[in-house]
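Asks: Sharing a model that was predicted from the sequence below.
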Amino acid sequence: MPRLAVSALALCLLAATACAPRGELAARPTGGGGAQSAAVPPGLQFTADLVDGGQLNGGELAGRDVVLWFWAPW
């Protein structure tokens, strides 16, 4: 029973966030521009190769909520 309750709660939370009004989502700050972007924390001063051949600049992630998913060949 607890597994069913947790699954139902997770589904309800997912549905509630998916149904948020567009105005509220658009009003959230994106973290770009201004004096904030000039100061990049040391932990974000990196570059990484992407699968499609491009590069990721860690400084572009400053002030944003980001999840990095690393894959390793071992």
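Replies: Yep, that arrived.
Asks: What ranges in the chain fall below the confidence cut-off?
Replies: The chain contains residues with pLDDT under 70 at 1, 20-38.
Asks: show me where it has helices.
Replies: Counting by DSSP state H, residue ranges of the helices within the chain are 2-18, 22-26.
Asks: Any idea which of those gets closest to Phe70?
Replies: helix 2-18 (24.9 Å; C-beta to C-beta). For every residue, glycine as well, the C-beta is placed using N, CA and C.
Asks: Report the distance from that closest one to the chain centre.
Replies: 21 Å (C-alpha atoms, centre = their mean, to the nearest Å).
Asks: before we move on, what about stretch 62-74?
Replies: 9 Å.
Asks: for that stretch, how far is the first residue from the last?
Replies: 30 Å (C-alpha to C-alpha, to the nearest Å).
Asks: got it, and stretch 43-53?
Replies: End to end - C-alpha to C-alpha - stretch 43-53 spans 23 Å.
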